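Undergrad: build me a structure from this.
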Amino acid sequence: KATVSVLYWSTLLMVYVVGVDVGSASVRAGLIKAGEGKVLKQSKEPIRIRKHTEHHVEQSSADIWQAVCKVVKNVVENVEEEVVGLGFDATCSLVATPHNNEHPPSVASVAEDGEAPWDIIMWMDHRAEHEAEEVNKTGHRVLEYVGGKVSPEMQIPKLKWLKTHKSPEWWDSIAYFHDLPDWLTYKSTGSVSRSMCSVVCKWNFLNDIDAQGWSKSFLTETGLYSEEFIEKIGCSESVRHIGEKIGELSEQCKSDFGLPPSSNIAVGTSLIDAHAGGLALCNDGQSRLAVIAGTSACFMAVHTNKINLPGIWGPYKDAMIPGTWLHEGGMSAMGSVLDHVMTMHPAYDGLKDRADLHSYLTSYFPDPVGEVVRRGVHVYPDFLGNRSPMADPTLKGSIVGLTLDTGVDSLAALFAACVMSLAYGVRHVSDALVDGGYKLESFIIAGGIASNPIFTHTLADCTALRVHCVPGGDAMLLGCGIAASTAAGLYPDIKTAQEAHAPDFTTVVRVPEKAGVHEKRYAVFKEMLKDQMKYTKMM
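TA: Residues are numbered from 1 along each chain as shown. So this is what the prediction gives:
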């Protein structure tokens, strides 16, 4: 009755929350009505990326915050009803924040050349591959919670790189290192609290029955530990669960966002962007694998039991849904692989001005499966290493079946084969989860790839699991809305808020006749991986 009452009154009073999603290339804000699984109004603003060298990729916190202010102001403009909550998600990028009263922000540059205003190491930055190897050589117990290995995309290797390559004076000038989601709540409330989602998943923070907080022995072995370092990354007591209120939106932010000075707006604990999507999608127990796809892809599954799975990040306790263990798989490149493969082909130049190029190539052949089989085209898609289940950042992409054909037919076949390979990559992860104890019954997909029928049908036909597709890109914003509405007291817990904001989806109809050919192509996919590893060993 309490739940029904909350939903009834919040709907009747037209109460709203705002979700803010900071992705790799843009910032979005969405206006969400309490009790609804859709975003009523959106605004989007691009943000800059600096790719200094092959593995050095940086952003600017000032640039991102300017975009945040603009999109939030756009979505709350002319909204007469009350906004009561604000939720943030962002990529798991690393922000260096200087002692504001002693140094200008430009001193926080994380760039190797010291160039301002680049004070963020992006999640996709792989400069710390050597440092990740050094961390993994410790064999510390902490690694059990990340599938046995840290990735160069995680924060401890990046911090180790900064301490090694930047000057001691630079290191001392930094007051805090934040995950970008936590930096957003810090900027909006002044709170130095940290999100359980960020610190457990990307910072090797322990949250288990017999192990809580930062591991002094682990940080000592990595060469990072000191009391000062703990102050920079946040003490254990500052960590907050998803659904908790971080604080009230500051007066300055109300002004910057165009909100009334008299408003009381709760800011919820932040999430990593993919985990915000997982929060919106993983509302069906431990039988569902959520696929949140964009430039990269993350796969989220939750279990009531603690399960250690080699090559799969986790188990992470309370990192997304309180009371559950999260496992996270992923692909470091998904949408970016499709773009890269397209631009490699000679026919691309004649098509690059088409705004609908992905759709055009997707629908080019009436039977794309038959066409790629006829042409003998196979793709292995780890062009930016393998995040899971191999946990090997050195792996490369490969293509079999190239000819001298430079026409559009050849490009369309290569595109289709690449899309299929991404679906096989998802199956590779789901197989690992099932082998480890999950009883998966369905996938639920959000992001651009959810609208690609080659991908969704390949996944359905090669796994025999149900495939649900969430239209649009609202999952991350809805996840922020779930966290914000719980923090604002509209719901008693995250589970209730998930049920209230569950998104609509469509279900793919399987074509059982295609299962056999996909099984063969998936076998080729795995052989291409083995061959690459064999060639590396031979050399």
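
Undergrad: mean confidence score for the helix or strand encompassing K158?
TA: For K158, the host element (DSSP states H and E) is helix 155-165. In this model, helix 155-165 has an average pLDDT of 97.

Undergrad: and if you look at stretch 465-478?
TA: Averaged over stretch 465-478, pLDDT sits at 90.

Undergrad: next, the distance between the ends of it.
TA: From its first residue to its last, stretch 465-478 covers 25 Å (CA to CA, to the nearest Å).

Undergrad: quick one: buried residues of that stretch?
TA: The neighbour-count check on stretch 465-478 (16 or more other CB atoms under 10 Å) flags 465-470, 472-478 as buried. Every residue, glycine included, has its C-beta placed from N, CA and C.

Undergrad: narrow the residues you listed to those in strands?
TA: Secondary structure assignment by DSSP state E places R466, V467, H468, C469 of those in strands.

Undergrad: from M334, how far off is the second one?
TA: This means V467. 16 Å (CB to CB, to the nearest Å).

Undergrad: swap in the third one?
TA: The spacing between H468 and M334, counted by CB to CB, is 18 Å.

Undergrad: number of residues surrounding R354?
TA: Using other CB atoms under 10 Å, R354 has 11 neighbouring residues.

Undergrad: got the contact list for it?
TA: Contact analysis of R354 by CB atoms under 8 Å, 6 or more residues apart in numbering lists Y360.

Undergrad: V408 versus that one, what's the distance?
TA: Distance from R354 to V408, by CB to CB: 11 Å.

Undergrad: what's the pLDDT at T269?
TA: With respect to pLDDT, T269 has a value of 97.

Undergrad: find the residue closest to it in space, skipping its chain neighbours.
TA: Nearest residue to T269, sequence neighbours excluded (CB to CB, 6 or more residues apart in numbering): R240, at 4.5 Å.

Undergrad: can you give me the pLDDT of that neighbour?
TA: So, for R240, pLDDT stands at 95.

Undergrad: ok, the one 10 residues further on next?
TA: In the predicted model, S250 carries a pLDDT score of 97.

Undergrad: tell me if I'm right that I445 and A297 touch.
TA: No: judged on CB atoms under 8 Å, I445 makes no contact with A297 at a distance of 9.4 Å.

Undergrad: alpha carbons only: can I get stretch 439-457 in PDB?
TA: Listed next in PDB are the C-alpha coordinates belonging to stretch 439-457 (Å, rounded to 0.1, in the frame of the first residue of the first chain):
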ATOM      1  CA  LYS A 439      21.000 -19.600 -15.700                       C
ATOM      2  CA  LEU A 440      20.500 -17.000 -18.400                       C
ATOM      3  CA  GLU A 441      17.100 -16.800 -20.100                       C
ATOM      4  CA  SER A 442      17.300 -13.500 -21.900                       C
ATOM      5  CA  PHE A 443      19.300 -10.500 -23.100                       C
ATOM      6  CA  ILE A 444      18.000  -7.000 -22.900                       C
ATOM      7  CA  ILE A 445      19.800  -4.500 -25.200                       C
ATOM      8  CA  ALA A 446      20.000  -0.700 -25.100                       C
ATOM      9  CA  GLY A 447      22.000   1.700 -27.200                       C
ATOM     10  CA  GLY A 448      22.500   2.100 -31.000                       C
ATOM     11  CA  ILE A 449      23.200  -1.600 -31.700                       C
ATOM     12  CA  ALA A 450      19.700  -2.500 -30.400                       C
ATOM     13  CA  SER A 451      18.200  -1.100 -33.600                       C
ATOM     14  CA  ASN A 452      20.400  -3.200 -35.800                       C
ATOM     15  CA  PRO A 453      18.500  -6.300 -36.900                       C
ATOM     16  CA  ILE A 454      21.600  -8.100 -38.100                       C
ATOM     17  CA  PHE A 455      23.000  -7.900 -34.500                       C
ATOM     18  CA  THR A 456      19.800  -8.700 -32.700                       C
ATOM     19  CA  HIS A 457      18.800 -11.600 -34.900                       C
END
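
Undergrad: looks to me like A67 is in a helix.
TA: Yes: membership of A67 in a helix is supported by DSSP: H, G, I helix; E, B strand; the rest coil.

Undergrad: and K232, what does it touch?
TA: By CB under 8 Å, 6+ apart, the neighbours of K232 are I174, A175, Y176, F177.

Undergrad: okay, and I307 sits in which element?
TA: Per DSSP H and E, there is no helix or strand for I307.

Undergrad: right, and it touches K317 too?
TA: No: under the criterion of CB under 8 Å, I307 is not in contact with K317, lying 11.6 Å apart.

Undergrad: need the residues touching each of those two.
TA: Taking CB under 8 Å, 6+ apart as the criterion, I307 and K317 both touch W325.

Undergrad: against N283, how distant is the residue of the chain most remote from its centre?
TA: Distance from the C-alpha centroid of the chain, by CA atoms, centre = their mean, peaks at L404 (37.8 Å). Separation of L404 from N283 (CB to CB): 50 Å.

Undergrad: what are the boundaries of the helices in the stretch 1-150 of the chain?
TA: Along the stretch 1-150 of the chain, the segments classed as helices by DSSP state H, counting those that start in this stretch run 2-12, 61-76, 129-137.

Undergrad: typed the wrong thing, it's the stretch 201-350 of the chain
TA: Applying DSSP H, counting those that start in this stretch to the stretch 201-350 of the chain gives helices spanning 216-221, 227-233, 251-257, 273-281, 335-344.

Undergrad: so, low pLDDT: which residues of the stretch 301-450 of the chain?
TA: For the stretch 301-450 of the chain, applying pLDDT under 70 flags no range at all.

Undergrad: residue boundaries of the strands in it?
TA: Remark: strands assigned in the stretch 301-450 of the chain by DSSP state E, counting those that start in this stretch are 313-317, 325-331, 378-380, 398-400, 442-447.

Undergrad: counting residues, name the longest helix you see in this structure.
TA: Counting by DSSP state H, the longest helix found in the chain is helix 408-435.

Undergrad: give me the buried positions along it.
TA: Within helix 408-435, the residues scored as buried using 16+ other CB under 10 Å are 408, 410-430, 432-433.

Undergrad: now the angle between helix 335-344 and it, please.
TA: Compare the direction of helix 408-435 with that of helix 335-344 by axes from the mean of the first three to the mean of the last three CA atoms, to 10 degrees and you get 160 degrees.
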